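[1] just coords:
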């Protein structure tokens, strides 16, 4: 088993073999969750800590819920809507691979560095998107990157719709309280 830091470095390098490794390692789910949490904390700190500890806490909670929703939506889209004959996966595999795909978010801590900060905040989301596509391709055993991109786009649209509905439901409830 690879060390946690080694896995993060390999995820940053977009090493497809890392995603195969964590897909198969059922003990790596806690590591994947740690990457999501650390990425969220790094983003909160890199944004100058504007929201404070409370904001960082809520950011971590939202990141964890988003990660879980994203993994389950991706699982459904990838295995039920756009599977191939080779597609074999389960939600845990997607939790692990997508969790490590959050690794570029760790670099958001450098958002505080003058001049470098805006460059990091500009590049990191695209880097994470590429990592997510690789994670999906490997977890769903696709040979086509285009299929993985399609799963990500469809899954993202479903996630956005779900978030909007939740905001309407719970946002409206908060307004009445």
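    All right, it came through fine. Please read all numbers here as calculations on a predicted model, not as lab measurements. Numbering: from 1, shown residues only.
[2] same for the helix or strand containing residue 61, what does it pack against?
    According to DSSP states H and E, residue 61 maps onto helix 52-76. Judged by 3 or more C-beta pairs under 8 Å, 6 or more residues apart in numbering; DSSP states H and E, helix 52-76 is in contact with helix 29-46, helix 91-100, helix 145-176. Every C-beta, even on glycine, is put in place using the N, C-alpha and C of the backbone.
[3] what does it contact?
    33, 36-37, 39-41, 43-45, 49, 51, 89-91, 94-95, 98-99, 102, 136, 151-152, 155, 158-159, 162 (C-beta atoms under 8 Å, 6 or more residues apart in numbering).
[4] how about a cut-off of 7 Å?
    Contact with helix 52-76 is made by 36-37, 39-41, 43-44, 89, 91, 94-95, 98-99, 136, 151, 155, 158-159, 162, as judged by C-beta atoms under 7 Å, 6 or more residues apart in numbering.
[5] filter the residues you listed to the buried ones?
    36-37, 39-41, 43-44, 89, 94-95, 98-99, 136, 151, 155, 158-159 (16 or more other C-beta atoms under 10 Å).
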